[in-house]
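Visitor: sequence plus predicted model, see below.
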Amino acid sequence: MRDLKMPAERHPEKAHRPDNAQPKKPDWIRVKAPGGQGYAETRRIMREHNLVTVCEEAGCPNAGECWNQGHATMMIMGEICTRGCTFCNVATGRPDTLDAFEPGRVADAVQKLGLNHVVITSVDRDDLDDGGAEHFAQTIRAVRHRAPGTTIEILTPDFLKCGPEALEIVVAAKPDVFNHNLETVPGLYPTVRPGARYFHSLRLLQRVKEIDPAIFTKSGIMVGLGEDRQAVTQIMDDMRAADVDFLTIGQYLQPTPKHHRVDRFVTPEEFASYEKTAYGKGFLMVSATPLTRSSYHAGDDFARLRTAREAKLSKA
């Protein structure tokens, strides 16, 4: 049995990579250690329902703040991913079979947490014919049934090895927000996201809007991996050409010495400049800070996103 708490067993594909020095984090990156009554209650509900969260698996720096408010990002289809991206702390390997009861457990947890907005993500499941599309759809439907007042945001894999019907299955379940992260600039894909294809991911986001224009689309990138400003602004243009509504930009943080190195820590002032530039390109919503992550403050951001769309439509 693998012990996923051990980095060498969690990331066997990285075990023989040379170590990359982990630079000291600047003051603007530091966060408080997890704790508090809300954190403990969220953790209890997650354990009681045998659910995996990306907050824990990916080592999110915001987990303490979000869990203390009862917000946790559910990660469905197991805790083992079929990809081995060099930035990611989720375990890599051969996943277990899908759990048919998981959608119901997610829905029950959403109801017990009293969430107004929930984010549901997953590992990549290249071992499945549909990449897990039907499991996503079942989870969305289960949450709609158990917690009809909760808005649903999904953060999906790229369905790279599936037919076009996989995406159609997910979109037909009508999530409120469809998020798929481009993660980094195209020039860094071979070293950062080697199992993915930049223009496939971009086209995925574009197709969501073509299938159902009412669904908000969202995507995010990390900075500090070795990109330059020109490449970041080009991604903004690419996303707007694909009609993406919401952009997130956050600082890459290196999980272990075996992961991709941190090229630099981007300053808060640079993030503010990226945000201003992105709004100028027409995004309805932008979150660009060192600690921004895909699901960080997702509920509040969704409310602002909806308001921005209404304001835009009223001017049309």
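Guide: Perfect, I can see it now. Residues are numbered from 1 along each chain as shown.

Visitor: now what about the helix or strand where Leu313 lies, what contacts it?
Guide: Assigned by DSSP states H and E, Leu313 belongs to helix 298-315. Here helix 298-315 makes contact (CB atoms under 8 Å, 6 or more residues apart in numbering) with 71, 73, 115-117, 119, 151, 153, 176-177, 216, 245-246, 284-285, 287. Backbone N, C-alpha and C define where each C-beta goes, glycine included.

Visitor: helices - which of the residues you listed land there?
Guide: Members of these lying in helices (criterion: DSSP state H): none.

Visitor: ok, so of the residues you listed, who is nearest Arg264?
Guide: Nearest to Arg264 out of these is Ser287 (CB to CB; 20.4 Å).

Visitor: what residues are up against the closest one?
Guide: Residues near Ser287 by CB under 8 Å, 6+ apart: 246-249, 275, 296-297, 301.

Visitor: quick one: those as CSV, columns for pLDDT too.
Guide: What follows is the contacts of Ser287, written out as CSV (pLDDT from 0 to 100):
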residue, pLDDT
Phe246, 96
Leu247, 97
Thr248, 96
Ile249, 96
Glu275, 97
Tyr296, 70
His297, 72
Asp301, 86
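
Visitor: re earlier: which one in the contacts of helix 298-315 is the model shakiest on?
Guide: Within the set of those, pLDDT is lowest for His71 (66).

Visitor: ok, Val171 to Glu134 distance?
Guide: Using CB to CB, to the nearest Å, Val171 is found at 13 Å from Glu134.

Visitor: these two: which has the busier surroundings?
Guide: It is Val171, of Val171 and Glu134, that has more neighbours when counted by other CB atoms under 10 Å, with 20 against 16.

Visitor: for that one, what are phi and psi?
Guide: The phi/psi pair for Val171 (degrees, to the nearest 10) reads phi -60, psi -40.

Visitor: can you check Ser201 too?
Guide: Here is the backbone geometry of Ser201 (degrees, to the nearest 10): phi -60, psi -40.

Visitor: that one reaches Pro186, doesn't it?
Guide: No. Counting by CB atoms under 8 Å, Ser201 does not reach Pro186; the two are 9.8 Å apart.

Visitor: contacting residues around Arg144?
Guide: By CB under 8 Å, 6+ apart, the neighbours of Arg144 are Ile152.

Visitor: that's a helix at it, yeah?
Guide: Yes. Arg144 forms part of a helix when assessed by DSSP: H, G, I helix; E, B strand; the rest coil.
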